[in-house]
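*Asks:* just coords:
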């Protein structure tokens with residue numbers, strides 16, 4: 001199952017309010033600006049900063 005396109009259209013990164021991309025194969029939502037990676041569990045985006053995988057220093 002895929003995420004609702006309408007939901008993806010309104011989601012933003014809670015860290016910096018940046019636009020995000022959904023990587024369906026990896027089940028993650030990635031911020032275009034800060035690089036935070038938010039998990040998608042059971043087709044539900046977990047958009048919590050504490051749950052995000054932070055990018056390595058100097059990488060995005």
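*Replies:* Thanks, I have it. In this text the structure is predicted, and so the values were computed from the model without any measurement.
*Asks:* how close does the closest residue to residue 40 other than its chain neighbours get to residue 20?
*Replies:* Sequence neighbours aside, residue 27 is the residue nearest to residue 40 in space, at 4.5 Å (criterion: C-beta to C-beta, 6 or more residues apart in numbering). Backbone N, C-alpha and C define where each C-beta goes, glycine included. Relative to residue 20, residue 27 is positioned 14 Å away (C-beta to C-beta, to the nearest Å).
*Asks:* more neighbours: which of the two?
*Replies:* Set side by side, residue 27 and residue 20 show more neighbours around residue 20, with 21 against 14, by other C-beta atoms under 10 Å.
*Asks:* looking at strand pairing, list the partners for that one.
*Replies:* Taking DSSP bridges as the rule, residue 20 bridges to residue 31.
*Asks:* mind checking pLDDT for the residue nearest to residue 40?
*Replies:* Looking at residue 27, its pLDDT reads 96.
*Asks:* for it, which residues are in contact?
*Replies:* 39, 40, 41 (C-beta atoms under 8 Å, 6 or more residues apart in numbering).
*Asks:* fine by me, thanks again.
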